[in-house]
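Q: Provided below are the primary sequence and the corresponding predicted coordinates.
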Amino acid sequence: MDSVLRRSAVQAVRALRRGEVSPLELVDAAADRIAETEPTVHALVARCLDRARDRARRLPAARSAAADHPAWLAGLPVTVKDVVDVAGLPTTFGSPVRRQPAGRTDPLVARIERRGAIVVGKTNLPEFCSGADTVSPVAGRTANPLDPSLSCGASSGGAAASVAAGQAWCAHGTDTAGSIRIPAAFCGAVGLRPTPGLVPAGHPDPAGFEVHGPLARDVADAALFFAAMVGQPPPDRPGGPFPRRLAAVSLDLGGTVPVDSEIRQSCARAAALLEGLGCAVEEAVPALDVPELRTVHEAAVTLLGHRAAVLHGDRVDRHGDAIGPALRAEVAAGRRIPPDLLDAARSTRERFRHAVVRFFDRYDVLVTPAFGVPPWPVPDGAGPYPDEPQLSRIAAVWPLTTLAPMAGCPAITVPVGRTAAGHPVGLQLTGPPMSDLRLLRAARALEAAGTHAGQAAR
């Protein structure tokens, strides 16, 4: 089954639909790969292979009427992040304070299972998605399958690692301020942050930051799994990927982000391919001036701190030191935010959204690096943060991933090569709200033009 594991999700689903391979054979192949890689990668919090095999045996024939649906996965093994319920398994959020098995399956998981996905495991995350690295007291640290000495990012690091290690063809993740896009960039995968609201789940984010989206080996696979998550073809503006044939490119957000030189070069080469696709390129960012973009990011940090206090304050009060230091620190910082600063941050977010609408009236897409630094060495110890110098570098380039959630925009990370040291480099494409399909088409066009050099590890 090694040749099956090397197929893309699109190819595997085609084989399933034709009856060339059975869902049970794919589950067994995934189980073998999990057994082979998991001792090193630690991508999974829990395996549910007996449940997966039972579902594989009971799945309707792939050549039924449902096979005509664009999201029919026909028995494709996938993973889900341990923030959604799978009946009978604990949903830990990476925390030891949550151990009870779920009594129901999350609507999102039920939706992808109705579309033919088979869940083979739940992926690791830092405790309640806090911190900059995927390490939790429940499952330990997830390694980067491309190089175990490097970080896989956070908080969907387990999801990205499960795809990059070949444990599953596609993975579900969540993205609040980069949690899909950064791990995808670090693991040489594709990760889509959809428009908020397109992929509903059982625990919506009251702050409007967190979204659920796919990670996969290539853009076509991500689009296939995204369709299953949505449950039907999602809305899109008319026209092809570049109806205006004008792209905005900024390698450092107007000079506000100190991007690593090798990442800058790789992303510049990839962005230049847009001209070969018939798209003119201009240097531009969706803000009136450079200080405003920094203000937008500072507002995002304020709103994220307030969100942590609202969502997790009671939990920290109840459990005290049983909650890890990263989440306690985030809650404490959020509680110190004065009301006037919070109001100012909300006002900045609203003004920025209007600026982005005007920006995308002119441009089809904004092209930037997915993240401005390469994967850092795995931190010593069990903490969720790298050392202080690395943390300062992360903070300096974080605006690359906070602008999309502040604007309510979809964004996708696509691999575009490696540094001299072999570290993956990701390019980020951001589009206007509800342009998810057009953004996927644009990413696919770039990928087909030769940018997809960061193939996932097999």
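A: Nice, thanks for sending it over.
Q: Report the separation between the residue nearest to the spatial centre of the chain and T105.
A: Nearest to the mean C-alpha position of the chain, by CA atoms, centre = their mean, lies I180 at 1.7 Å. Relative to T105, I180 is positioned 22 Å away (CB to CB, to the nearest Å). Where C-beta positions appear, they are placed from N, C-alpha and C, glycine not excepted.
Q: Show me the shaky parts of the stretch 101-250 of the chain.
A: For the stretch 101-250 of the chain, applying pLDDT under 70 flags the ranges 233-239.
Q: Show me the strands in it, by range?
A: 117-123, 135-136, 140-141, 170-175, 190-193, 211-216, 246-249 (DSSP state E, counting those that start in this stretch).
Q: So which residues make contact with the helix or strand harbouring R33?
A: Element membership for R33 (DSSP states H and E) is helix 23-41. For helix 23-41, the external contacting residues (CB atoms under 8 Å, 6 or more residues apart in numbering) are 1, 4-5, 12, 16, 43-44, 47, 49, 52-53, 55-57, 59, 62, 74-77, 118, 120-121, 142-143, 145, 148, 161-162, 165-168.
Q: Buried only: go through the residues you listed for me.
A: 4-5, 12, 16, 43-44, 47, 49, 52-53, 55-56, 59, 62, 74-77, 118, 120-121, 142-143, 145, 161-162, 165-168 (16 or more other CB atoms under 10 Å).
Q: Which of those fall within helices?
A: Among these, the members falling in helices (DSSP state H) are 4-5, 12, 16, 49, 52-53, 55-56, 161-162.
Q: just the strands in the stretch 351-458 of the chain please.
A: With DSSP E, counting those that start in this stretch as the criterion, the stretch 351-458 of the chain has strands at 365-369, 411-418, 424-430.
Q: The first one pairs with which strands?
A: In its sheet, strand 365-369 lies beside strand 246-249 (parallel), strand 424-430 (antiparallel), with partners assigned from DSSP bridges.
Q: okay, the angle between the last one and strand 411-418?
A: Between the axis of strand 424-430 and that of strand 411-418 there is an angle of 150 degrees, by axes from the mean of the first three to the mean of the last three CA atoms, to 10 degrees.
Q: before we move on, back to that, of the strands paired with strand 365-369, flag the one that's most buried.
A: strand 424-430 (a mean of 28; mean count of other CB atoms under 10 Å).
Q: Could you list every helix and strand that the helix of greatest length in the chain packs against?
A: In the chain, taking DSSP H as the definition, the longest helix is helix 290-319. Under the contact criterion of 3 or more CB pairs under 8 Å, 6 or more residues apart in numbering; DSSP states H and E, helix 290-319 touches helix 325-335, helix 339-362, helix 399-407.
Q: Which residues does the shortest one contact?
A: Think helix 399-407. 175-178, 181-182, 193, 196, 208-209, 211, 253, 256-257, 286, 293-294, 296-297, 299-301, 349, 352-353, 356, 368-372, 409-411, 428, 430, 433.
Q: Distance from it to the middle of the chain?
A: 14 Å (CA atoms, centre = their mean, to the nearest Å).
Q: That helix vs strand 211-216, what angle?
A: Going by the same axes, to 10 degrees, helix 399-407 makes 130 degrees with strand 211-216.
Q: Helix 399-407 vs strand 170-175, what angle?
A: 80 degrees.
Q: can you give me the mean pLDDT across helix 399-407?
A: Throughout helix 399-407, pLDDT has a mean value of 97.
Q: The strands of the stretch 351-458 of the chain: which one's closest to V331?
A: Proximity to V331 (CB to CB) singles out strand 411-418 among the strands of the stretch 351-458 of the chain, at 27.1 Å.
Q: Listing partners with orientation, what would you give for the closest one?
A: Under the rule (DSSP bridges), strand 411-418 has strand 190-193 (antiparallel), strand 424-430 (antiparallel) as partners.
Q: bridging residues for V190?
A: Applying DSSP bridges, one finds that V190 bridges with A216.
Q: Quantify the burial of it by counting its neighbouring residues.
A: 33 (other CB atoms under 10 Å).
Q: my guess is it meets L224, correct?
A: No: counting by CB atoms under 8 Å, V190 stays clear of L224, with 11.3 Å between them.
Q: Generate a PyMOL selection restricted to the buried subset of the contacts of helix 399-407.
A: Buried residues within those, by 16+ other CB under 10 Å, are selected in PyMOL with:
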select buried, resi 175+176+177+178+181+182+193+196+209+211+253+256+257+286+293+294+296+297+299+300+301+349+352+356+368+369+370+371+372+409+410+411+428+430+433
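Q: Check the gap between the nearest residue to A300 once chain neighbours are set aside and S179 for me.
A: Of all residues not flanking A300 in the chain, T402 sits nearest, at 4.0 Å (CB to CB, 6 or more residues apart in numbering). T402 sits 11 Å away from S179, going by CB to CB.
Q: Same drill for those two, tell me which one is more crowded.
A: Using other CB under 10 Å, the more surrounded residue of T402 and S179 is S179, with 30 against 21.
Q: if I read this right, the more buried one contacts A159, doesn't it?
A: No: judged on CB under 8 Å, S179 makes no contact with A159 at a distance of 9.1 Å.
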